[in-house]
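1. below are the sequence and a predicted model; questions follow.
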Amino acid sequence: MLRSLSLALAAALLLPAGAAHAETKPTTPRKLDLADRVAGTYRGDVNSDARGSSKSGVTITVTRIGPNKVEIRSDYARIPTVAIPLEKAMDAILAASGSHVFLLDTVRSPDRLDLTIDDASWSGNRVAK
């Protein structure tokens, strides 16, 4: 009896503090936000560019980088990578601040995205997954 108690005590001393009573708490799923709603790949055209000509077949990738915040990447060099905070106004998801235009109408055209970044205006639709 004394020997088994000594072994149990020795084993407990070898564990980090609190490890013997550590419980795994279930993680609750993160609440989806505006960035989740708009994340995806879109394909469309630069229809106006103050510094160059229009361009067809431009792919835009929208990635969630934080709560209600996305990163915009393009395969067209004239549209730089930018981070845009989002907000909802009535039926639209818009840029919350900054000089960029981000517009997605969640009711009329929920898969259409309109952007203006660095004086280049782009419009396109979500690519089916």
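-> Now that the structure is in, tell me what you want to look at. Residues are numbered from 1 along each chain as shown.
2. which residues does V70 bridge with?
-> Per DSSP bridges, the residues bridged to V70 are R64, I84.
3. could you check how far it is from G44?
-> 16 Å (CB to CB, to the nearest Å). C-beta coordinates here come from the backbone N, C-alpha and C atoms, glycine included.
4. of the two, who's got more company?
-> Using other CB atoms under 10 Å, the more surrounded residue of V70 and G44 is V70, with 25 against 21.
5. identify the residues contacting that one.
-> By CB atoms under 8 Å, 6 or more residues apart in numbering, V70 lies in contact with A35, V38, A39, V62, T63, R64, A83, I84, L86, F102.
6. for this protein, what helix or strand is lowest in average pLDDT?
-> Scoring the helices and strands of the chain by mean pLDDT, DSSP states H and E places helix 2-14 at the bottom, with a mean of 52.
7. could you pull out the buried residues of the helix or strand following that one?
-> Using DSSP states H and E, the next helix or strand after helix 2-14 towards the C-terminus is helix 34-38. In terms of neighbour count (16 or more other CB atoms under 10 Å), helix 34-38 has its buried residues at L34, A35, R37, V38.
8. how about stretch 120-129?
-> A120, S121, W122, S123, G124, R126.
9. D36 reaches T63, doesn't it?
-> No - at 10.7 Å, D36 and T63 do not qualify as touching, with contact defined as CB atoms under 8 Å.
10. ok, now which ones touch G57?
-> By CB under 8 Å, 6+ apart, G57 lies in contact with R43, D45.
11. measure it to D75 for me?
-> Taken as CB to CB, the span from G57 to D75 is 9 Å.
12. do the same with M90
-> 32 Å.
13. again with A96
-> Using CB to CB, A96 is found at 26 Å from D75.
14. show me which of these two is the more surrounded one.
-> Using other CB under 10 Å as the criterion, A96 and D75 rank with A96 on top: 15 against 11.
15. please consider this matter closed, and thank you.
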